[in-house]
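Participant: I would like to see how this sequence folds:
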Amino acid sequence: MNMEANLSRRAFALGGAAAAGVALSAGSAAAAPSGIPNLYPGWNALQFKSLRDDEAAHVNFLVTALGAAARPKPTFKNLLQPNVRAFATVAMSLENTGTGAYLGALPSIFSKLYVAQAGSIALIEARHSGYLNALFNEVTTVDVFGTAQEFEQPLTINQVLNLANPFIASLNGGPPASFNATPSRNNDIAILNFALILEYLENEFYNLNVPVFFPN
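Facilitator: This is a model prediction of the structure:
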């Protein structure tokens, strides 16, 4: 991947597409600068609606698992995108962030049940990431920083927060956005609430943008 594409991805991840003012190459001469390739008729609409539904399911799972301990939904900003290309680029960043975030948290989870469920969500996030990477003519295993991986690299808490913070106006209280490295039952609650921040973010992002760019 060239330097322009790498800098573009980081700009979208850290500041939002509207603020970045740059775009990745489409990987298709037929694609306009504000558009994205479409392999089959209705292909992208199908995929993005599926991504939206998956993230809603992840939110529902975490809220149900946490019960009364679930953190409040944050207030978000910079989510509505100016065109479908910007939308897809931010989606690529968010999904790759989610993949790395779950992998980073997995070693600290105490409950075997939660390990299995978090691993399952991580794999879905990775499938999302692979589709979006391919949409931009990238190797499917490229991570959020633009580097192709043979073994997925976990993200630290600080890396996840740095990538998500440009889209978060307020956490609206709740527990700290952190967890311990040492597994424990109480720590599992902190991990699920940390994951819930990202799932709320992804869910809100798709809920706002999918009806705009794929209304039917």
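Participant: Asn83 against Thr89, yeah?
Facilitator: No - counting by Cβ atoms under 8 Å, Asn83 stays clear of Thr89, with 9.9 Å between them. Bear in mind the C-beta positions are built from the backbone N, C-alpha and C, glycine included.
Participant: neighbour count for the two, which is higher?
Facilitator: Using other Cβ atoms under 10 Å as the criterion, Asn83 and Thr89 rank with Thr89 on top: 27 against 18.
Participant: pretty sure the more buried one contacts Phe136?
Facilitator: Yes - here Thr89 lies in contact with Phe136, judged by Cβ under 8 Å, at a distance of 7.4 Å.
Participant: give me the contacts around the helix or strand hosting Asp53.
Facilitator: Under the criterion of DSSP states H and E, Asp53 resides in helix 43-66. Here helix 43-66 makes contact (Cβ atoms under 8 Å, 6 or more residues apart in numbering) with 36, 38, 70, 84, 88, 91, 95, 114, 117, 121, 124, 128, 131, 135, 189, 192-193, 195-196, 199-200, 202-203, 206-207, 210, 213-214, 216.
Participant: report the angle between the helix or strand containing Val90 and helix 43-66.
Facilitator: Assigned by DSSP H and E, Val90 belongs to helix 84-105. Following axes from the mean of the first three to the mean of the last three Cα atoms, to 10 degrees, one obtains 40 degrees for the angle between helix 84-105 and helix 43-66.
Participant: pLDDT of helix 84-105, averaged?
Facilitator: Averaged over helix 84-105, pLDDT sits at 97.
Participant: between helix 43-66 and the helix or strand following that helix, find me the angle.
Facilitator: Counting by DSSP H and E, the element after helix 84-105 in chain order, helix or strand, is helix 112-135. Put simply, helix 112-135 runs at 160 degrees to helix 43-66, going by the same axes, to 10 degrees.
Participant: tell me what helix 112-135 is packed against?
Facilitator: helix 43-66, helix 84-105, helix 185-213 (3 or more Cβ pairs under 8 Å, 6 or more residues apart in numbering; DSSP states H and E).
Participant: kindly export it (C-alpha atoms) in PDB.
Facilitator: Written as PDB, here are the backbone C-alpha positions of helix 112-135 (Å, rounded to 0.1, in the frame of the first residue of the first chain):
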ATOM      1  CA  LYS A 112     -14.900 -19.400  29.300                       C
ATOM      2  CA  LEU A 113     -18.400 -18.500  28.000                       C
ATOM      3  CA  TYR A 114     -17.400 -14.900  27.400                       C
ATOM      4  CA  VAL A 115     -14.200 -15.900  25.800                       C
ATOM      5  CA  ALA A 116     -16.200 -18.000  23.300                       C
ATOM      6  CA  GLN A 117     -18.700 -15.200  22.700                       C
ATOM      7  CA  ALA A 118     -16.100 -12.500  22.400                       C
ATOM      8  CA  GLY A 119     -14.100 -14.700  20.000                       C
ATOM      9  CA  SER A 120     -17.200 -15.200  17.900                       C
ATOM     10  CA  ILE A 121     -17.800 -11.400  17.700                       C
ATOM     11  CA  ALA A 122     -14.100 -10.900  16.800                       C
ATOM     12  CA  LEU A 123     -14.400 -13.200  13.900                       C
ATOM     13  CA  ILE A 124     -17.500 -11.400  12.600                       C
ATOM     14  CA  GLU A 125     -15.600  -8.100  12.900                       C
ATOM     15  CA  ALA A 126     -12.700  -9.600  11.000                       C
ATOM     16  CA  ARG A 127     -15.100 -10.800   8.200                       C
ATOM     17  CA  HIS A 128     -16.500  -7.200   8.000                       C
ATOM     18  CA  SER A 129     -12.900  -5.900   7.800                       C
ATOM     19  CA  GLY A 130     -11.900  -8.300   5.000                       C
ATOM     20  CA  TYR A 131     -14.900  -7.200   2.900                       C
ATOM     21  CA  LEU A 132     -14.100  -3.500   3.400                       C
ATOM     22  CA  ASN A 133     -10.400  -3.900   2.800                       C
ATOM     23  CA  ALA A 134     -11.200  -5.700  -0.500                       C
ATOM     24  CA  LEU A 135     -13.600  -2.900  -1.400                       C
END
